[in-house]
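J.: Here's my sequence, what's the structure:
(chains A and B)
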Number of protein chains: 2
Amino acid sequence: MPIVADNHSGIEKSVPMIPSTLKVNSNRMLAHFEELSMIGATALGGVARPALSNEDLRARTWLVERLEGYGFELRDDAVGNIGGILRSTTPQAKTLLVGSHLDTTLNGGKYDGSIGIIAGLECMLTVREAGIALPFHLEVIDFTDEEGSWQSLFGSMGLTGRLSDEHINDSKQDNAAFRAALLRLGLYASEVREARRDPTTLRGYLELHIEQGDLLDRTRTQIGIVTRVIGRSNFRVTFQGEAVHAATNCSRKRDALQGATCFMTKVYNLPTQCVGGMVNCGNVDVQPGITTIVPATATVHMEVRHPDPDQLAMMEQLVHDTAEQCAGAHGLSVQVRRTLHREVAHMDERLMQVVAEVCEQQQLSYTHMFSNAGHDAQIMAGFTPSALIFIPCKDGISMNPKEYTDWENVENGANVLLHTILRLAMD
Amino acid sequence: MPIVADNHSGIEKSVPMIPSTLKVNSNRMLAHFEELSMIGATALGGVARPALSNEDLRARTWLVERLEGYGFELRDDAVGNIGGILRSTTPQAKTLLVGSHLDTTLNGGKYDGSIGIIAGLECMLTVREAGIALPFHLEVIDFTDEEGSWQSLFGSMGLTGRLSDEHINDSKQDNAAFRAALLRLGLYASEVREARRDPTTLRGYLELHIEQGDLLDRTRTQIGIVTRVIGRSNFRVTFQGEAVHAATNCSRKRDALQGATCFMTKVYNLPTQCVGGMVNCGNVDVQPGITTIVPATATVHMEVRHPDPDQLAMMEQLVHDTAEQCAGAHGLSVQVRRTLHREVAHMDERLMQVVAEVCEQQQLSYTHMFSNAGHDAQIMAGFTPSALIFIPCKDGISMNPKEYTDWENVENGANVLLHTILRLAMD
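T.: Alright, predicted model coming up:
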């Protein structure tokens, strides 16, 4: 039975007595947010804290200093995740994780990831100040490289025991540099798998995040309760032709970039075939890349997303078919390599219900929705009951210095997080 | 009046007595060709001698050693062109230049450029051995960086006085590296303009080259007499959108790569609108280039070619119009920058007539044709009467290790060059 220790008398009270009016300290949370936003701040008003960069290290240092300063117990792991723990009075209690990530993309915003950490820290402070004794340890956690500067969702993959040699040896940048960057944190590539935790020691995982879409903003809804994180597959599609002089007769040309152009034109239309699907072509690498030479190879780096596993599989098939069609039409060969696959991840039903009850109690409008973006919660979901709570994101713009949400939204989100924790304490 | 010095008696004879059966020494020419082909030879059977690279320097050294070894007078200039001169007995005579280039693209073939030098050298040796005294100095010339590893047609631009600061400060690679590469040859960027020669001292310019198209090969024609080198304009077309998360709602996306894809799809069809025109998109530079981020900018590096100046102008206009259309259709802005413009270049009528007469005399089939590829001859044409003589190129493939022509074609070309020189001596 969860209990509440009265701050003054030391008398324990049952959790149902916690008033729904308990709120996080918004000013303190804002002060933390503003401090954190300064680390890696860009001239355009955004934030650049790629994982394992100097800026990321400064942000980690900042978090550790705050956690220590507030007297929380620190926890490190072999994959670089940083935890700060508010211990339950029950030593053998399970741990409820609350987190997100401090790292950003190269030209990211202030909110993506950061508010999940800032709000988690604030919940720990508020719970402790309210003298509430939880039946679980509460741990705020910063996951390493969520954004994938090196390997996306690296920290949560490590914690859930999903890392393999492939993840260490297929970094988005140079693998040796990845190892060196890990070493700088005192982490050994050969040991990252040791970060795996025992799921029976965990109570669950909660993550607060901006939506990165415009559903909440457009419909003026305050809270989004994520039912599932949509699946995603990344592809590297390489068309192979022949490098010849640009003035070569058309009938003799086997132009790899014409194949890639054909492919991109068609895949941009895939979402109309697979309603609810999404496509992005993020890069094209052309060789030899000389204006007067017909391209010999053109590699399209692209991804497809869909909330339905069957439809996602159909999109994958269409990527393959389209690549073959376009290669055939231009006399090229083509290689389609799936470089990443994230299955559709379902959030925990009971946790969704608790969050919905909290929204009603807090008189906040809410909706159930998909997450189109990837999050550590999707990795955690297969490991421990997980919830992903969204707040609005202005115009749906993120990974951009323009990324913005009203502070009131962060406040609402943090209070939903707080009361979700408190309700779980009563479960 | 041109004269012939009898090799044995020293008695001068008039040129008309030179037998049409005089031929170049094919074996010696082949030996030179094979020596040169070894320099920068690639595993795939091609040649990599980018201008000012170690391999280019070795090829230059090889040429200088041969010229010196055969006792020809050397001539350097401020832009790195290398000349070897067979002096006329008339000191105040003009100079007939015969040349091409030793540099190649990064993964080029053995013939492009090289055979023009090899055949020119062979003509000088054959003329001297035949005891023929020419009424002009005969100079074989290797032009610097025809292929444009740094700045295309750099050597001929220098010789004709067309270099400006723009050419030094807008290198295809790093400008400082360009200066350093020139310095290694003892050349100063500030002095390259001094390479300009006085056109009144020149008799003309002859260039033998593989076609780099398949007209001669396909029609089994032995010699192509180029009437004009088609005009070319290079463009850098930059679409500007916004970097946001790939899962952003479609209506909020301003995807620069979608603009570029639209643009490429349309410009690939330009040649059907402008019959005889050619289009090549050689590279696409996408920023930030991350699979999960919608591209903020996409820059297409492309070129258009046309033998007719008005049609070329129309193609240029269509490039601009298409860029604007595609930008508009995708909510992007676009900047179109013309980075290079080569006007249509007309070869000299009289020289074309002489070459045609030589072909008939030598009983070689020939045709008049355009050159779709750029050559030093197009720069020389505006400066001194110039001729550009083509031999077949197997399947029209060039700038590729597969680049090939039967040795017999090189022999034919060299003999046409030889007898063109001899006929000009009678003019």
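J.: Could the C-alpha coordinates of the strand or helix carrying A:Trp62 be exported in CSV?
T.: Using DSSP states H and E, A:Trp62 maps to helix A:54-69. The C-alpha trace of helix A:54-69 is given here as CSV (Å, rounded to 0.1, in the frame of the first residue of the first chain):
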residue,chain,number,x,y,z
ASN,A,54,31.2,18.6,-26.3
GLU,A,55,27.7,20.2,-25.9
ASP,A,56,26.1,16.9,-25.0
LEU,A,57,28.8,16.3,-22.4
ARG,A,58,28.2,19.8,-21.0
ALA,A,59,24.5,19.1,-20.8
ARG,A,60,25.2,15.7,-19.1
THR,A,61,27.4,17.5,-16.6
TRP,A,62,24.7,20.0,-16.0
LEU,A,63,22.2,17.3,-15.2
VAL,A,64,24.6,15.4,-13.0
GLU,A,65,25.4,18.6,-11.1
ARG,A,66,21.7,19.4,-10.6
LEU,A,67,20.9,15.8,-9.5
GLU,A,68,23.8,15.8,-7.0
GLY,A,69,23.0,19.3,-5.9
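J.: quick one: buried residues of that helix?
T.: Buried residues in helix A:54-69, counting neighbours by 16 or more other CB atoms under 10 Å in any protein chain shown, are found at A:55-60, A:62-64, A:66-67. All C-beta atoms are positioned from the backbone trio N, CA, C, and that covers glycine.
J.: contacting residues around it?
T.: With CB atoms under 8 Å, 6 or more residues apart in numbering or on different chains as the test, helix A:54-69 has contacts from A:32, A:35-36, A:39-40, A:47-50, A:74, A:82, A:84, A:102-103, A:117, A:121, A:140, A:142, A:184-185.
J.: Kindly report the same for stretch A:20-30.
T.: Applying CB under 8 Å, 6+ apart, the external contacts of stretch A:20-30 come out as A:118-119, A:122-123, A:125-126, A:130, A:361-362, A:407, A:410-411, A:414-415, A:418-419, A:422.
J.: re the thing from before, going by distance to B:Val192, which of the buried residues of helix A:54-69 wins?
T.: Closest approach to B:Val192 among those (CB to CB): A:Glu55, at 44.4 Å.
J.: Let me see the confidence value for the closest one.
T.: We have a pLDDT of 97 for A:Glu55.
J.: same thing with the one 5 residues further on?
T.: A:Arg60 is assigned a pLDDT of 98 by the prediction.
J.: what does A:Asp6 give?
T.: Per-residue pLDDT puts A:Asp6 at 43.
J.: try A:Cys274
T.: 77.
J.: can you check the one 3 residues further on too?
T.: For A:Gly277, the pLDDT comes out at 91.
J.: and the gap between it and chain B?
T.: Plainly put, A:Gly277 is 11 Å away from chain B if you go by CB to the nearest CB, to the nearest Å.
J.: A:Ala256 too?
T.: Remark: distance between A:Ala256 and chain B (CB to the nearest CB) = 11 Å.
J.: burial of that residue, as a residue count?
T.: 26 (other CB atoms under 10 Å in any protein chain shown).
J.: ditto for A:Ile82
T.: Using other CB under 10 Å, A:Ile82 is surrounded by 23 other residues.
J.: repeat for A:Ile293
T.: Using other CB under 10 Å, A:Ile293 has 26 neighbouring residues.
J.: got the phi/psi numbers for it?
T.: phi -120, psi 130 (degrees, to the nearest 10).
J.: from the contacts of helix A:54-69, which would you call buried?
T.: Buried by 16+ other CB under 10 Å: A:32, A:36, A:39-40, A:47-50, A:82, A:84, A:102-103, A:117, A:121, A:140, A:142, out of these.
J.: Just those: which are in strands?
T.: A:82, A:84, A:140, A:142 (DSSP state E).
J.: which of those lies closest to chain B?
T.: Taking CB to the nearest CB as the measure, chain B sits nearest to A:Asp142 out of those, at 20.1 Å.
J.: was I right about that closest one contacting A:Ile82?
T.: Yes - A:Asp142 is in contact with A:Ile82 according to CB atoms under 8 Å; the separation is 4.5 Å.
J.: if we can go back for a sec, narrow the contacts of helix A:54-69 to those in helices?
T.: Residues from the contacts of helix A:54-69 lying in helices, with DSSP state H as the criterion: A:32, A:35-36, A:117, A:121, A:184.
J.: any chance of the residues you listed in TSV, with distance to chain B and pLDDT too?
T.: Shown next, in TSV, are the ones in helices among the contacts of helix A:54-69 (distance: CB to the nearest CB, whole Å; pLDDT from 0 to 100):
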residue	distance to chain B	pLDDT
A:His32	24	98
A:Glu35	25	98
A:Leu36	20	98
A:Ile117	19	98
A:Leu121	25	98
A:Arg184	23	94
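J.: where's the spatially closest residue to A:Lys402 that is not a sequence neighbour relative to A:Leu159, distance?
T.: Distances taken as CB to CB, 6 or more residues apart in numbering or on different chains place A:Gly109 nearest to A:Lys402, at 7.2 Å, with adjacent residues excluded. Applying CB to CB, to the nearest Å, the value for A:Gly109 to A:Leu159 is 25 Å.
J.: any idea which residue sits dead centre in chain A?
T.: For chain A, the residue nearest the mean C-alpha position is A:His375 (2.7 Å; CA atoms, centre = their mean).
J.: Contacts only, for A:Val410.
T.: Going by CB under 8 Å, 6+ apart, A:Val410 touches A:29, A:33, A:111, A:115, A:118-119, A:391.
J.: Run the chain-centre distance for the stretch of helix or strand it belongs to.
T.: Taking DSSP H and E as the criterion, A:Val410 maps to helix A:407-426. Chain-centre distance of helix A:407-426: 19 Å, with CA atoms, centre = their mean, to the nearest Å.
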